[in-house]
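Participant: Okay, here's the prediction I keep looking at, along with the sequence it came from:
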Amino acid sequence: MKLFITCILLLFSFHARTPVANVYICDSKGSKAYHSSKTCRGIKICKHQVLEVTLKEATDVYKRIACKICY
Ligand SMILES: [Zn+2]
């Protein structure tokens, strides 16, 4: 039982350390997409600040859809 709990804790700590894949969004009202890369054509035309956020934030908070150029 003790070993089992240790295994669960190890799994959780491993999961927490897994890096989250971030995406890039243009901080403008007209922008509707999130990008996989800062060098994407779609984000290079951004005149506003480029924000690095998690994929979940991009879709849930900023209501962005995947860019057609880099995805
Ligand atoms: Zn893009």
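Facilitator: Nice, thanks for sending it over.

Participant: Contact residues of this protein facing the ion?
Facilitator: Counting by CB under 5 Å from the ion, the chain comes close to the ion at 35, 40, 42, 67, 69, 70. In this view, the C-beta of every residue, glycine as well, is placed from N, C-alpha and C.

Participant: repeat that with 8 Å
Facilitator: 24, 33-37, 40-43, 67-71 (CB under 8 Å from the ion).

Participant: Please report which of these has the highest neighbour count.
Facilitator: Neighbour counts for the residues of the chain next to the ion (other CB atoms under 10 Å) peak at residue 34, which has 28 neighbours.

Participant: who's in contact with that residue?
Facilitator: By CB atoms under 8 Å, 6 or more residues apart in numbering, the contact list for residue 34 reads 23, 24, 25, 53, 55, 58, 59, 62, 64, 65, 66, 67.

Participant: Also residue 24?
Facilitator: 34, 35, 36, 37, 38, 40, 43, 50, 51, 52, 53.

Participant: Among the residues you listed, which lie within strands?
Facilitator: Secondary structure assignment by DSSP state E places 34, 35, 50, 51, 52, 53 of these in strands.

Participant: ok, how many other residues are close to the fourth one?
Facilitator: So that's residue 51. 16.

Participant: What does residue 57 show for phi and psi?
Facilitator: Backbone geometry at residue 57, expressed as degrees, to the nearest 10, gives phi -60, psi -40.

Participant: My error: substitute residue 24 in the last question.
Facilitator: Torsion angles, degrees, to the nearest 10, at residue 24: phi -120, psi 140.

Participant: Identify the bridge partners of it.
Facilitator: Residues in a beta bridge with residue 24, per DSSP bridges, are residue 35, residue 52.

Participant: Tell me how far it lies from residue 3.
Facilitator: Distance of residue 24 to residue 3, computed by CB to CB, to the nearest Å: 43 Å.
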